[in-house]
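Chemist: Let me see the structure of the following:
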Amino acid sequence: MGITKLADLIRIAAPDAISYKDISDYTGKVIALDTSIIMNQFRTAVPKLNFLSPMTGIFFRTLTFLEHDIKPVFVFDGKPPGEKLAVLERRAETAGWGSPNRSGAASSQTKECLQLLKLLGVPILQAPGDGEALCARLVSEGTADAVASEDMDTLPFGAGLLIRQLNAKKDSEVIEYSLPKILEKLKLSQEEYQEARKLFLEGARTVAQELVWTEPDEEGLVQLLCTTHHVKEPRIRGRMVKFREAREKKRKEREERKSGPSRQMRMEDFFRVTRKRKQQMDGAEAVPSKASKKT
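Modeler: Numbers count the residues shown, from 1 in each chain. From the prediction side, this is the model:
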């Protein structure tokens, strides 16, 4: 399913629909994440640690989101629709692991990741079918501000704002796609994504629950990652210390901005320092540098 080479089509025909951001631009935003995509990324990146890599990867990445006051919502797939089985087969082959889950029943690894996310204190949603469809629905109904996924098929599902490369890497440039701008430029309506729209409407039957974020349970995390899966405890403890320090620093900065005396504005307060970015489109063509986003 999906539109072949959609990212290339948008880059060439609707470049104004693409923005380049920094992770800090999403402070205070609710971001829906297609968890299956994230787990597959970590499986592929570290195949020798097939079981453990998604666990540790999600642990570190989620803490990075929370440090930036991003509110992640992790969405899990239900039973995949028949239209998506071919896509899942290709992903499984690329990653070098077995056949994809056709029944929708949670695997042992998925259950472990569910437990991990609960200990991290972030909300979890179970989709009746395709996770991408529910992610898009959360954005369309205003429950979430954007979907974070590497899969461009999220746009045909109706996600008004898709962000890619939202990860824990330093200086990573986040790519943002605006669906309204894409549709306007390509002179399409969402209805013209017929098959994806059908799946999107099927996913809309789920009633969204109240989303609640709580404090991470450090002792529970140590028990799961260190005692059960033998991750070195200083690695987990050290990351939690860094997380608390970073969050406290940001809290103090917010308080100073709200209650502190006015100060002379510096040039850096008006303009974000950006690096020039070049892309190749039928030769060398410059792409606008990152734009700041008011949050």
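
Chemist: just the strands in the stretch 51-200 of the chain please.
Modeler: In order along the chain, the stretch 51-200 of the chain carries the following strands (DSSP state E, counting those that start in this stretch): 71-76, 124-126, 146-148, 161-164, 174-178.

Chemist: most tightly surrounded among the ones you listed?
Modeler: strand 146-148 (a mean of 28; mean count of other Cβ atoms under 10 Å). Every residue, glycine included, has its C-beta placed from N, CA and C.

Chemist: quick one on the thing from earlier: with distance to residue 37 and mean pLDDT as added columns, please give the strands of the stretch 51-200 of the chain in TSV.
Modeler: As requested, the strands of the stretch 51-200 of the chain are arranged in TSV below (distance: least, Cβ to Cβ, whole Å; pLDDT from 0 to 100):
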stretch	distance to residue 37	mean pLDDT
strand 71-76	10	95
strand 124-126	15	93
strand 146-148	9	95
strand 161-164	10	94
strand 174-178	15	94
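
Chemist: looking at those, which is closest to residue 239?
Modeler: Using Cβ to Cβ as the criterion, the shortest distance between residue 239 and the strands of the stretch 51-200 of the chain is 16.5 Å, found for strand 71-76.

Chemist: what are the pairing partners of the closest one, and which direction each?
Modeler: Partner strands and pairing direction for strand 71-76 (DSSP bridges) are strand 30-34 (parallel), strand 124-126 (parallel).

Chemist: Just tell me which of those strands ends up closest to residue 158.
Modeler: In this view, the strands paired with strand 71-76 are compared for proximity to residue 158 by Cβ to Cβ, and strand 30-34 is the closest at 12.1 Å.

Chemist: Flag every buried residue along the next helix-or-strand element following the closest one.
Modeler: Secondary structure here is assigned by DSSP states H and E; on that basis, the next helix or strand after strand 30-34 toward the C-terminus is helix 35-45. Neighbour counts over helix 35-45 (16 or more other Cβ atoms under 10 Å) mark 35, 36, 37, 38, 39, 40, 41, 42, 43 as buried.

Chemist: what angle do helix 35-45 and strand 30-34 make?
Modeler: For helix 35-45 and strand 30-34, the angle between their directions (axes from the mean of the first three to the mean of the last three Cα atoms, to 10 degrees) works out to 60 degrees.

Chemist: what pLDDT, on average, does helix 35-45 get?
Modeler: On average, the pLDDT along helix 35-45 is 82.

Chemist: Could you do stretch 224-243 as well?
Modeler: What stretch 224-243 shows for mean pLDDT is 94.

Chemist: Next, the distance between the ends of it.
Modeler: End-to-end distance for stretch 224-243, by Cα to Cα, to the nearest Å: 18 Å.

Chemist: Residues contacting it, please?
Modeler: Counting by Cβ atoms under 8 Å, 6 or more residues apart in numbering, stretch 224-243 makes contact with 52, 55-56, 59-60, 63, 66-67, 112, 115-116, 119, 216, 218, 221-222, all of which sit outside it.

Chemist: from those residues, which single one is nearest residue 258?
Modeler: residue 67 (19.7 Å).

Chemist: Ignoring the adjacent residues along the chain, who's closest to the closest one?
Modeler: Among residues not flanking residue 67 along the chain, residue 246 sits closest, at 4.5 Å (Cβ to Cβ, 6 or more residues apart in numbering).

Chemist: where does the stretch 101-250 of the chain dip in pLDDT?
Modeler: By pLDDT under 70, the low-scoring segments of the stretch 101-250 of the chain are 101-106, 168, 170-171, 188-192, 194-209.

Chemist: Tell me where it has helices.
Modeler: Per DSSP state H, counting those that start in this stretch, the stretch 101-250 of the chain carries helices over the ranges 108-120, 131-140, 179-186, 194-203, 218-222, 233-259.

Chemist: Can you tell me what sits against the first one?
Modeler: The list of residues contacting helix 108-120 from outside it, by Cβ under 8 Å, 6+ apart, reads 35, 39, 51, 54-55, 58-59, 62-63, 66, 74, 76, 106, 124, 216-217, 220-221, 224-225.

Chemist: From the residues you listed, list just the buried residues.
Modeler: If you count burial by 16+ other Cβ under 10 Å, the buried members of these come out as 35, 39, 54-55, 58-59, 62-63, 66, 74, 76, 106, 124, 216, 221, 224-225.
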